[in-house]
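Novice: Next one to model:
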Amino acid sequence: MKEKKYNISVEATLEVIGGKWKCVILCHLTHGRKRTSELKRLMPDITQKMLTQQLRELEADGVIRRMIYQEVPPRVEYELSEYGDSLRGILDALCAWGEQHICKVYGSYDVLDENVLNEHLKS
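Specialist: Purely as a prediction, here's the structure:
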């Protein structure tokens, strides 16, 4: 394994959860196990290819766990691993900052889609 060097530690964090979709996936998984089709429905703008790629990367980093059920047809679910659950505070802080930013810039939460992650913001 090649020795890795980081300038600052946040680079290591961003290497695991950076990008447009990984934090969104992780936020949805903080609310429990999800099938790939459920995640796709919750994130309609992500392509199937990108969703699969991001899930594989998160699994390879040990942040999520992939469970395959021996059924016909086979069922696959994803959940946060114990290691991934340690990101919960970071994800909550990112969501809180995003809510403040949306309120500051737009004056309301009307720009947010309706989903389980935004229910607490309904007026």
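Novice: so where is this protein shaky, pLDDT-wise?
Specialist: Along the chain, the parts satisfying pLDDT under 70 run over 1, 123.
Novice: which residues of it fall in helices?
Specialist: For the chain, the helices defined by DSSP state H cover 10-17, 22-29, 36-42, 48-60, 82-85, 88-106.
Novice: Quick one: closest of the ones you listed to Asn115.
Specialist: Proximity to Asn115 (C-beta to C-beta) singles out helix 36-42 among these, at 6.0 Å. Backbone N, C-alpha and C define where each C-beta goes, glycine included.
Novice: List the buried residues in that closest one.
Specialist: Going by neighbour count (16 or more other C-beta atoms under 10 Å), the buried part of helix 36-42 is Thr36, Leu39, Leu42.
Novice: ok, and what's touching it?
Specialist: Contacts to helix 36-42, defined as C-beta atoms under 8 Å, 6 or more residues apart in numbering, come from residues Ile25, His28, Lys34, Ile46, Gln48, Leu51, Thr52, Leu55, Val76, Tyr78, Asn115.
Novice: just the helices of the chain: most buried one?
Specialist: Ranked by mean neighbour count, those are led by helix 22-29 with a mean of 20 (mean count of other C-beta atoms under 10 Å).
Novice: contacting residues around that one?
Specialist: By C-beta under 8 Å, 6+ apart, the surrounding residues in contact with helix 22-29 are 16-17, 34, 39, 42-43, 46, 51, 54-55, 57-58, 63-64, 78-80, 84, 87, 91, 94-95, 117.
Novice: mind putting the buried residues of helix 36-42 in a markdown table, distance to Tyr69 included?
Specialist: Output for those, formatted as a markdown table (distance: C-beta to C-beta, whole Å):
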| residue | distance to Tyr69 |
| --- | --- |
| Thr36 | 13 |
| Leu39 | 17 |
| Leu42 | 20 |
